[in-house]
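Asker: model this:
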Amino acid sequence: MTQRILVAIDRSSARALVLQQGMQLAQALGANLMLIHVLSAYDDDSPGLPVRAYHSYYPIVDSAAWEMYQQQWEAYENSGLTDLQLLAEEATARGIPTEFTQNTGDPGRVICDMAKTWNADLILMGHRGRKGLSELLLGSVSNYVMHHAPCSVLIVRSVPKPTESEAAEAPAVSVAEG
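Answerer: This is a model prediction of the structure:
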């Protein structure tokens, strides 16, 4: 029986749908939620390390650049915690026992480790839909979790937005009032 649902939250547009599905499942099953967000240097919105290439072979990070990076990373961390807290409050307001945590590292591994540590019965997560070279280089967190999780995994897919060419080819529909 599913009593503990780990909901992996990222900063993508699909996170609202993932949280909504998690809350609906938790309410239907009387389960507890654990919201997790993993900070990663590979996130699209994480601060980049300011490396400067001088005339030497190795890139250099000076102290001012490092300090600026640390401030940006701290703001990135705080923003993630604030978001998690708001999402947890939303679930708690619906009567769902909810905890949250934010960790740093490889998202797939961290999610699987948390599922094991927290004794999750189910992991609920989104899917960004990376394909081709970006999936090859960056990997797929959902694919990793599906193959390494200690429990069942439910992937929430968002409805993809049509490309410009698909939208142009779609037949126009009009509704006439009579």
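Asker: isn't D83 right up against H37?
Answerer: Yes - judged on C-beta atoms under 8 Å, D83 makes contact with H37 at a distance of 7.2 Å. C-betas here are computed from N, CA, C, even on glycine.
Asker: out of those two, which sits in the busier spot?
Answerer: H37 (25 against 17; other C-beta atoms under 10 Å).
Asker: thinking again about what came up before, okay, and the common contacts of D83 and H37?
Answerer: I9, R11 (C-beta atoms under 8 Å, 6 or more residues apart in numbering).
Asker: Select the longest helix from the chain.
Answerer: With DSSP state H setting the assignment, residue counts place helix 63-93 as the longest helix in the chain.
Asker: Give the next helix or strand downstream of the lowest-mean-pLDDT helix or strand in the chain.
Answerer: Scoring the helices and strands of the chain by mean pLDDT, DSSP states H and E places helix 132-138 at the bottom, with a mean of 52. As assigned by DSSP states H and E, the chain's next helix or strand after helix 132-138 is helix 141-148.
Asker: Give me the distance between that next one and the centre of its chain.
Answerer: 13 Å (C-alpha atoms, centre = their mean, to the nearest Å).
Asker: ditto for stretch 107-114
Answerer: 12 Å.
Asker: Stretch 88-95 now?
Answerer: Here stretch 88-95 shows a centroid-to-chain-centroid distance of 19 Å under the convention C-alpha atoms, centre = their mean.
Asker: what comes into contact with that stretch?
Answerer: L19, G22, M23, A26, Q27, L33, L35, T98, E99, F100.
Asker: buried stuff in it?
Answerer: In terms of neighbour count (16 or more other C-beta atoms under 10 Å), stretch 88-95 has its buried residues at A88, A91.
Asker: Just the C-alphas of it, formatted as PDB.
Answerer: Extracted C-alpha coordinates of stretch 88-95, given in PDB (Å, rounded to 0.1, in the frame of the first residue of the first chain):
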ATOM      1  CA  ALA A  88       4.700  22.300   0.900                       C
ATOM      2  CA  GLU A  89       2.400  24.900   2.500                       C
ATOM      3  CA  GLU A  90       0.000  24.400  -0.400                       C
ATOM      4  CA  ALA A  91      -0.100  20.600   0.200                       C
ATOM      5  CA  THR A  92      -0.400  21.000   3.900                       C
ATOM      6  CA  ALA A  93      -3.300  23.400   3.500                       C
ATOM      7  CA  ARG A  94      -5.100  20.600   1.700                       C
ATOM      8  CA  GLY A  95      -4.600  18.400   4.700                       C
END
